[in-house]
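J.: sequence plus predicted model, see below.
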Amino acid sequence: MEEPVEPREPLPPKPDRSAPAPLSATGRSGAGKDARTQNGAYLTTAQGTRLPDSDHSLKAGPRGPVLLQDHHLREKITHFDHERIPERVVHARGAAAHGVFESYGSGARISRAAFLADGARTPVFVRFSTVLGSRGSADTVRDTRGFATKFYTDEGVFDLVGNNIPVFFVQDAIKFPDVVHAAKPHPDREIPQAQSAHDTFWDFVSLHTEATHHTLWNMSDRGIPRSYRTMEGFGVHTFRLVDAEGGTCLVKWHWKPKLGVHSLTWDEAQLIGGLDPDYHRRDLYDAIEAGAFPQWELGVQVMPDTPEQTFEGIDLLDPTKLVPEELAPVQALGLLTLNGNPTNFFAEVEQVAFHPGHLVPGIDITDDPLLSGRLFSYLDTQITRLGGPNFAQIPINRTHAPVNDMLRDGFHQDAVHSGVAPYQPNSLDGGCPFFAGADDHAFVEHPLPVAESAKVRQAPADFDDHFSQPRLFWAAMTPVEREHIIAAYTFELGKCYEPAVKERTLRVLANIDPLLCTQVAQGLGLPAPEPDEPSADTPPPASPALSQLGRRWPVTGRTLGILTGPDSDLAAVDAVRAAARDAGLVPLVVAPRGGDPATVQRSFATARSVEFDAVVLAGSPGPAADADPARDARAAGPHATLDPRLVLLLAETWRHAKAIGGWDTAPDAFAAAGLPLDGPGIVLGTDPVEVLRQVVELLAEHRVWKRFPARSAIEGEPTGGEPTGGE
């Protein structure tokens, strides 16, 4: 008669009821790694009926007509017609991989989340993406990148859905459709694809100046990462962590790549966009296949949970602002390692569904107005994209924790629910499922007091500060990074047609820094306006952690081009290859023509400088047999002693500030290619392995930064790419 209150397992089904056999979608039993892969040696229908033919429709005689009763034709064509699902509105272009997160245990003192306990190992699935482009766009466009991680914890799924930039364009989710509409291709022509260099984007961000901070990051080298493996990740929002005693703190999430944060040059990005639009996903998958597993440390900046939710004058609810690491150092919580590629891109990468509301006990949200809107938007998006409310049952989305949710029916319902009482309270199913308490790992929202107020459409007054943090970022940049930012703004605004858009954006830049504004204005042929916002009385605090320069990094997984010819010393080449592997590099031998795949991976016809992080030259190889402009336009050139494509490769490598080494007669080739033998980053010697060692030393800084001199216009700064402060 009374409602059952003692927790117990679900009641067993009645004897007259039976569920379908526990088989996978392909008819396999068991739970092995191949449980969902194809099954059987014969081609079948989706129902498992074996087929004798799949090349011919069923017809009334060899010449037809085709018969409507051809069930195999209808099934095959119908499935083909529905192979594609709507792509994501944003973050449509992406790649993902499986991995594991190993906790250091340091997070247990600030959160009771079980996956942060000492020694906890949690399976993960991580998706990287660009924001603006379609699924078919290029990887190396200038854009924000997504960095989304799904933790399959014992307490449920936790999704950390962030970007490679720590701040966002807008402060309130109600503006998100506006910024996306402005950044997407123009609706009349559907161009340009996957880029922000057009009028509607700059029209919006120049009018909506809270976007200034994110836009400045996007115009920096952060907008064109070298690799997903060398890309930093941020949670963007401020989150609340709850410890075992109920104590709280506010945090910002960080992913720190073990290989360091590195970028492409704009020239490289444009070349790669034509040569290999899949550059970033290929780099990720090849590295994992080769065993060079990408790794990141997960860390948090920890701030006190005060009623104002501010820290050192920074409003922690404003997603357009960051907390400098010098004020709140990043504390490492654990190590993420990606060690498995997808088996099927569609089933996993395209169907994975992230949601900031997928939380676990010990992690709670704050009142960030952008985050509040995301909590609605992501769930709504998944229902549309993935055909209904049961997207959590798709294999890549399935939790590793027990599920008893009382949700029923809907499109694509894979579970076969038993019982007759999908409601609470009930007695017909024995009261099951029961409510859990905090001691049973229930998610209990932190009882944060809500201040008495009125319903308004307003933002806090400090949300109006749109320029102090862009000034902080600009001040932290080294001269070479500033040059790249100036070039990026000049290019992007130079692609705009409307003069008012350019002039208005220059006013915005004037409020960041007069040098930035003046240099961009010169490139556009426009006068530099005066700022209309008063600058801070004191310069921004130093934050060298915002710069990508100033440290040395591991070279694991970086690519080395070994340029050879018929007269090269093969023993020396083999020794360099072995030494490169020992250093963690991926060596690729380039020769005038292809040959044994074990020794030659590229020819002068197929190689391009942008796929190498550094190159070494074994001698002075002559032109290949196919060095004919009739076959390869790159072979056109006046050089008689060198292959023009080799000259181009060396020139691009020099231009992109990469380390270059050589031995034997390599100096002759460098001289013929116009490279200064005593130039920065040129290593010559008689011992090939020693030459490689010095090249690896240079590669640890990613580029030979002294090869990028700053213009004299940047007064008071050191010439070259020397950082203004080390991390």
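T.: Perfect, thanks for sending it.

J.: my read: Gln171 touches Asp462, true?
T.: No - Gln171 is not in contact with Asp462 according to Cβ atoms under 8 Å; the separation is 10.7 Å. (Glycine included, C-beta is placed from N, CA and C.)

J.: residue contacts, the nearest residue to Arg558 once chain neighbours are set aside?
T.: In space, and not counting its chain neighbours, Arg558 is closest to Asp613: 4.2 Å by Cβ to Cβ, 6 or more residues apart in numbering. Contacts for Asp613 (Cβ atoms under 8 Å, 6 or more residues apart in numbering) come out as 555, 558-560, 658, 699, 702.

J.: one more time with 7 Å, if that's ok
T.: For Asp613, the contacting residues are 558-560, 658, 699, by Cβ atoms under 7 Å, 6 or more residues apart in numbering.

J.: tell me the contacts of the nearest residue to Glu9 once chain neighbours are set aside?
T.: Excluding the flanking residues, the one nearest Glu9 by Cβ to Cβ, 6+ apart is Cys432, at 7.2 Å. With contact set as Cβ under 7 Å, 6+ apart, Cys432 has these partners: 8, 10-11.

J.: and the residues you listed, which are buried?
T.: The neighbour-count criterion (16 or more other Cβ atoms under 10 Å) marks none of the contacts of Cys432 as buried.

J.: among the residues you listed, which one sits closest to Gln393?
T.: Checking these against Gln393 by Cβ to Cβ gives Pro10 as the nearest, at 17.7 Å.

J.: now do the SS call for the closest one.
T.: Following DSSP: H, G, I helix; E, B strand; the rest coil, Pro10 is assigned to coil.

J.: if we can go back for a sec, who has more neighbours, Gln171 and Asp462?
T.: Each of Gln171 and Asp462 has its neighbours counted (other Cβ atoms under 10 Å); Gln171 has more, 25 against 14.

J.: mind listing the helices for the stretch 501-650 of the chain?
T.: Ranges of helices in the stretch 501-650 of the chain, per DSSP state H, counting those that start in this stretch, are 514-524, 570-582, 644-655.

J.: for the contacts of Cys432, give me a markdown table that also has distance to Asp199 and pLDDT.
T.: A markdown table is the format used below for the contacts of Cys432 (distance: Cβ to Cβ, whole Å; pLDDT from 0 to 100):
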| residue | distance to Asp199 | pLDDT |
| --- | --- | --- |
| Arg8 | 64 | 86 |
| Pro10 | 59 | 87 |
| Leu11 | 64 | 86 |
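
J.: of those, closest to Gly61?
T.: Closest to Gly61, out of all of the contacts of Cys432 and judged by Cβ to Cβ, is Pro10, at 58.1 Å.

J.: which residues does that closest one contact?
T.: So Pro10 contacts 404, 419, 432 (Cβ under 7 Å, 6+ apart).

J.: so what pLDDT did the second one get?
T.: As predicted, Gly419 sits at a pLDDT of 88.

J.: that one is in contact with Asp429, isn't it?
T.: Yes - contact criterion Cβ atoms under 7 Å: Gly419 and Asp429 qualify, at 4.3 Å.

J.: need the residues touching each of the two.
T.: With Cβ under 7 Å, 6+ apart as the test, Gly419 and Asp429 both reach Leu11.
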